[in-house]
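Student: Model the structure of this input:
(2 chains)
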Amino acid sequence: MVTIDISIEDFSRLLGLDKPLTPEELDKWVSFAKAEVDSEPEGPDENGHTKISIDIKTASRPDLWSAEGLAREVRGLIDMQGLPNIKFPASGYEITVNPELKEIRPYIAAVVARNLKLNNFLIKQLIQVQDKVDFSFGRKRKRTSIGIYNLHMIQSPIKYDLVPRSFKFVPLGFEEEMPISEIMKVHPKGQEYGHILASFEKVPILLDANGKVLSMPPIINSNDVGRVTEETTDVLIEVTGTNKEAVDVVISLLAQNMQDRGATVETVLVHYPNAYGLGDVIYPPQEPHSLEVPVKEVNKYLGTKFTEKRMMSLLRKRRHDVLPGKQKGIMMVQYGPWRQDIMHWVDLSEEIAIAADYNKIGPSTANLFTVGGLDISTQKENMIREILVGCGLQEVINYNLTDSKTISNNVLRDSKFLEEHAIHLINPVTSTYEYLRPDLLPGLIRFVGRNSEVQFPHHIFETGEVAVREGTDVITLTKAAVVLAGSDETFETSHRILDALFRLTGIDYSLNETENNYFIDGRSAEIIVEGKQVGHIGEIKVEILENHDIKVPISAFEIDLTKIKKYGIPEYRANAY
Amino acid sequence: MPNEIRLTPDAGLVLEKIEKSRQVVGIDELSNQTGFDIGKVSSLVELLHKYGLINKETKEIEEYKLTSRGKASLKNELIERRLMKYLFEHGSLHIKDVQNTLKVDKSDVSAGIGVLKKEGMIKIDKGSIELLDRNKTVSDELQEALEKINQHEPIPVEIAEVLLKRGLVEKSVRHEIFISPLKHGKQIKIVEEVSNLTPDLIISGKWRNVNFKPYNIKSKPRIIYPGKYHPYRHFHDHLREKLIALGFKEMKGPLIEQEFWNFDSLFAPQDHPAREDSDIFLIENPTHGILPDEIFVENVKQTHQDGWITGSRGYKYRWDPRKAARLLLRPQGTAISARTLRKVNPPEKYFSIAKCFRPDDIDATHGVEFYQVEGIVCDPSITFRDLLGILKIFAEDIAGATEVNFRPDYYPFTSPSVELSARHPTLGRIEFGGAGIFRPEVVRPYGIDYPVIAWGLGVDRLFMVKNKIDDIRELFSQDLNWLREVEISSGIEVDE
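Tutor: Next up is the predicted model:
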């Protein structure tokens, strides 16, 4: 999701409307572009702009991340159908590309826009689209990045070249020439984006015919050429990147935005070196993409009965051109080069449905008889929960994410276990949530500690998923744990409940005396079912109670339900399928 | 024997005293005569009256009661008396110092001084109170009246008026009970009274000759805390019930998942922003799982690279199996649906209530752990309009909403995609869920050549409104008091 700020008045004018939309009307219109109003309107300011935020949900439609783009899309439903103009005259500007860039940042595209009437508002909108596209679609400038220059300061042909890091120029916002190696360290943009080029000795540079530096893509513009002000009327916009399709998308959407703002748009010729096998390429792309769409299949897919003619009209409302296909019943849809998100005719079937309005197409009722049911693990868990609630216990739930202290220091597990079996996150948000819990008991004991002011006894339980590592596999297990905290609690009080639990679910069990670091010696046992240890029961050691400031005895048990074959609860493994 | 009334020995004694008095008696008197405390006498009188054995009349008696200031004046004497005593010893006192020196209530100071001035006992010169006549003393009338009121004795009306005005007394109403004998003509049988019915009484038959001491049924019982389900899990139980009733089967999957099932299978390109380290939780050891040794992995790879036979253009990049095998904490429940695709046998409908994890700044609206409710519907005949129909059923049947509204939506793995919002009688307009038809790129690798619906529901808001929670961290409440007291609900509907 991408959020942009627009002006309601500006957007309404772009839609060709006489008076500004209300926020509700605006929300309805942008819904057809998978967007929604995300803020209260603010303003109008002294220039007559009422600011409002719009969320655009589509991650693969950078052409919608501007007022111009949203309006272009929505206006199809009002008064402008079919593909917008994509054919532009040549500007005479040319770019040559150094073959060595193929391994570094191979592609460049550019467009010229003349007679632009820039003001502060439009410059901000331009910077906004540059930022949003660079950040999200451009993958923080790694995949694509945009540069904008004052055309009058540039002589064609432009060279997309490579220079060593000792090369010097004045970066935007600085006064002095400095070597690139220094810019990478000192300039904020160098610090932010320098890593993209970190593995290359030489770095990309854009130079005009006189050797004047335009920019060092994708890091920083030069201070003079790369500065656009209210006085600027003619600009050169350039996009470099690692993916040709992505570069095509960005340059063509920018050309459209310029056209929608009333500028005279002109093409730029890029001479790719022979090694690319691309020859000379005119930017922005001058030809639409096309895709065959089968009418019958679309109707079957949507559950509609549109005629071919109606479908063609709906597609034009989505700013596509439609030509007759090779066969009857197949439409040839032509769409703008900024629409690389269209991958399959199902995408165009969606557009047909959007243009027709989902609410007007309306729901139908499928006669689909199926038998529902719970997963076996839920059934068994519910059985255990029913018994434990029947024993008068309060159910508790805890997060799966926890900290090392809760797992180890306070109860149950030692550092060896942490190392061998506990699942540790590489990138936790806080150390409170850095492990996945391997047991339920620690969370329950912590719960008692957090409620030490609440009337005892606390009779609580939890059933749920935990995760452990075993060798190279990670396993999700289902466990159940009971904690009885109160002045009258003894080994026997939780044993009663364990006994009831197993008796009522038909499980034979036995207890083996054992010693460990969490139950008091002589009041600690392993729970054995089907010849295997499936859990532990006992009275919690006083040191652990003290750690939690608990002043009453705790009698507790935990069992791994997945280990009891008779229950049939599966383990869920990342590697199983 | 309808006319026989069985009384306990104690009740019999009270009745006897009343009948003996032959005239009107009060509770106090009966208490004195029987030696029972007033509470006991009162309840026995109540009982006798209920049986129609005595006359009982309650009268309202107006009387005066000391206020807190009156009580203080009774204990420490009235201000005018204290002021006189002071003046006798010291001769004079400044008005400003009266309150502090005598430690009296400010509001009574002027009244006290007024009394003394009226009697000509003092004069005030430039704020200083001077004693005029050492031979005069303050009348005892008021002080005695306070004493009388304390003893519930009557006082003259004009004195009472003065005390009322000075805020030393207030009027109150007392209910007094007047009891007198009644010719009832009923036969009285005195029987033993027992508190508890015991097995011995039942077995021996003695219960026939005893009276059961009545309980005070108005008194509050001791509070108990029954065993209860956690309200949020109970909410999920109810949700499962609803979905099962609609023919959905539950699916489950691992908490730690391979990116393959979570992303690649769902046609998210390997450089998709949602796959960046900052948007998912990665685990330290092992970092990678093992991809299934199955043809569908190859199909997914081909589909990403060039669209394979799905009719798609594909993403045109080199698909990296190592990236697909990376392990992460499940960030979306759809991973479970993806796993289910390889074994569906239509017609089938599935759901899961899946714990999911995403890095986020933790606050009242964001947690790093949350549940997602989602699933799939598989049937070769299904259409997009059927999907809208299913969403409408969800809104109406699960959330109790009306007036559904559909909006275009975006998910990388569905086309078309739709968001459902609906009007709820209590909540107003709510965004209730999202859905779409799985792209052919998602289902074809599993040999599925018909549409499969994928859907998700946002139902936590229903639970939060129902339980008046506005912080999502409280879904996992650690507050035992709240868990003990929160009302048990019978379903997921929000009450109007």
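Student: C-alpha only now, for contacts and for neighbours.
Tutor: Noted.
Student: A helix includes residue A:59, no?
Tutor: No: per DSSP: H, G, I helix; E, B strand; the rest coil, residue A:59 lies outside any helix segment and is coil.
Student: And it, how close does it get to residue A:36?
Tutor: 14 Å (C-alpha to C-alpha, to the nearest Å).
Student: do residue A:548 as well
Tutor: From residue A:548 over to residue A:36 (counting by C-alpha to C-alpha), the distance is 48 Å.
Student: Need phi/psi at residue A:475.
Tutor: Dihedral angles of residue A:475 (phi, psi; degrees, to the nearest 10) stand at phi -130, psi 130.
Student: Bridged to it, which residues?
Tutor: residue A:468, residue A:573 (DSSP bridges).
Student: now stretch A:99-119: how far from the chain's centre is it?
Tutor: 27 Å (C-alpha atoms, centre = their mean, to the nearest Å).
Student: Chain A contacts on the stretch 151-300 of chain B?
Tutor: B:225-230, B:240, B:243-258, B:273, B:277-278, B:281-286, B:289-292 (C-alpha under 8 Å from any C-alpha of the partner chain).
Student: among these, which are in strands?
Tutor: Taking DSSP state E, the ones among these that sit in strands are B:249, B:250, B:256, B:257, B:258.
Student: can you tell me which residues contact residue A:432?
Tutor: A:401, A:402, A:403 (C-alpha atoms under 8 Å, 6 or more residues apart in numbering or on different chains).
Student: helix/strand/coil for the residue nearest to the last one when sequence neighbours are not counted?
Tutor: In space, not counting the residues next to it along the chain, residue A:403 is nearest to residue A:432; the distance is 4.8 Å by C-alpha to C-alpha, 6 or more residues apart in numbering or on different chains. Under three-state DSSP, residue A:432 falls in the helix class.
Student: go on, residue A:510?
Tutor: strand.
Student: returning to that earlier point: narrow the residues of the stretch 151-300 of chain B next to chain A to those in helices?
Tutor: B:240, B:243, B:244, B:245 (DSSP state H).
Student: Make a PyMOL selection of the buried ones in these.
Tutor: In PyMOL syntax, the buried subset of these is picked out as below (16 or more other C-alpha atoms under 10 Å in any protein chain shown):
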select buried, chain B and resi 240+243+244
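Student: Can you pull out the low-pLDDT segments for chain A?
Tutor: Residue ranges of chain A with pLDDT under 70: A:408-413.
Student: The same query, at a cut-off of 80, please.
Tutor: A:226, A:325, A:367, A:405-418 (pLDDT under 80).
Student: Check it for its longest helix and report it.
Tutor: When chain A is parsed with DSSP H, its longest helix is helix A:244-260.
Student: list the buried ones in the very next helix or strand once past that one?
Tutor: Using DSSP states H and E, the next helix or strand after helix A:244-260 towards the C-terminus is strand A:264-271. Taking 16+ other C-alpha under 10 Å as the neighbour-count basis, strand A:264-271 is seen to contain the buried residues A:264, A:265, A:266, A:267, A:268, A:269, A:270, A:271.
Student: ditto for stretch B:270-287
Tutor: B:270, B:272, B:273, B:275, B:280, B:281, B:282, B:283, B:285, B:286.
Student: Likewise for stretch A:187-198?
Tutor: For stretch A:187-198, by 16+ other C-alpha under 10 Å, it's A:187, A:189, A:190, A:193, A:194, A:196, A:197.
Student: And for stretch A:221-235?
Tutor: Per 16+ other C-alpha under 10 Å, stretch A:221-235 contains these buried residues: A:221, A:222, A:223, A:224, A:225, A:226, A:228, A:232, A:233, A:234, A:235.
Student: what's next to that stretch, contact-wise?
Tutor: In contact with stretch A:221-235 (C-alpha under 8 Å, 6+ apart) are residues A:112-120, A:123, A:147-154, A:169-175, A:213-216.
Student: Counting only helices, which of these make the cut?
Tutor: Reading helices off the contacts of stretch A:221-235 with DSSP H, I get A:120, A:123.
Student: Now which of the contacts of stretch A:221-235 would you call buried?
Tutor: Looks like these have A:112-114, A:116, A:118, A:147-151, A:154, A:169-172, A:213-216 buried, using 16+ other C-alpha under 10 Å.
Student: where does the stretch 1-150 of chain B dip in pLDDT?
Tutor: B:1-3, B:22-23, B:91, B:99, B:102-108, B:111-112, B:115, B:119-120, B:132-139.
Student: wait, what's in contact with the one residue in it that gets nearest to chain A?
Tutor: Proximity of the stretch 1-150 of chain B to chain A (C-alpha to the nearest C-alpha) peaks at residue B:39, 32.6 Å away. If a contact means C-alpha under 8 Å, 6+ apart, then residue B:39 has no contacts.
Student: give me the element it is part of.
Tutor: Residue B:39 belongs to helix B:38-50, assigned by DSSP H and E.
Student: quick one, strands of the stretch 151-300 of chain A?
Tutor: A:158-163, A:168-169, A:178-179, A:203-207, A:213-216, A:220-221, A:235-241, A:264-271, A:280-283, A:289-294 (DSSP state E, counting those that start in this stretch).
Student: Check the stretch 451-577 of chain A too.
Tutor: A:458-470, A:473-485, A:509-513, A:519-529, A:532-540, A:554-560, A:572-573.
Student: do the stretch 1-150 of chain B as well
Tutor: B:4-7, B:54-66, B:92-94, B:122-125, B:128-131.
Student: Adding mean neighbour count, write the ones you listed out as a markdown table.
Tutor: Formatted as a markdown table, the strands of the stretch 1-150 of chain B follow (neighbours: other C-alpha atoms under 10 Å in any protein chain shown):
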| stretch | mean neighbour count |
| --- | --- |
| strand B:4-7 | 16 |
| strand B:54-66 | 16 |
| strand B:92-94 | 17 |
| strand B:122-125 | 16 |
| strand B:128-131 | 19 |
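Student: How is the chain partitioned into domains?
Tutor: Just so you know, I chose chain A. Domain ranges of chain A: A:2-75, A:90-283, A:289-359, A:376-573, per automatic domain parsing.
Student: actually it's chain B I care about, not the one you picked
Tutor: B:4-60+B:174-212, B:68-167, B:232-485.
Student: tell me the most buried of those?
Tutor: By mean neighbour count, with neighbours taken as mean count of other C-alpha atoms under 10 Å in any protein chain shown, domain B:232-485 ranks first of those at a mean of 20.
Student: What's the mean pLDDT across it?
Tutor: The pLDDT scores in domain B:232-485 average 93.
Student: what's the first-to-last distance across that domain?
Tutor: Its first and final residues considered, domain B:232-485 spans 14 Å by C-alpha to C-alpha.
Student: Report the closest residue of the stretch 401-550 of chain A relative to chain B.
Tutor: residue A:425 (4.3 Å).
Student: gap between residue A:178 and residue B:220?
Tutor: Taken as C-alpha to C-alpha, the span from residue A:178 to residue B:220 is 84 Å.
Student: Pick out whichever of the two has more residues nearby.
Tutor: residue A:178 (16 against 7; other C-alpha atoms under 10 Å in any protein chain shown).
Student: is it true that the more buried one touches residue A:172?
Tutor: No: contact criterion C-alpha atoms under 8 Å: residue A:178 and residue A:172 do not qualify, at 11.4 Å.
Student: Quick check: end-to-end length of stretch B:446-464?
Tutor: 39 Å.
Student: right, is it up against chain A?
Tutor: Yes: Stretch B:446-464 reaches chain A (C-alpha under 8 Å from any C-alpha) through residue B:451.
Student: Residues contacting that stretch, please?
Tutor: So stretch B:446-464 is contacted by A:301, B:232, B:235, B:296, B:341-342, B:372-383, B:387, B:399, B:414, B:431-438, B:440, B:443, B:470, B:472, B:475, B:492-494 (C-alpha under 8 Å, 6+ apart).
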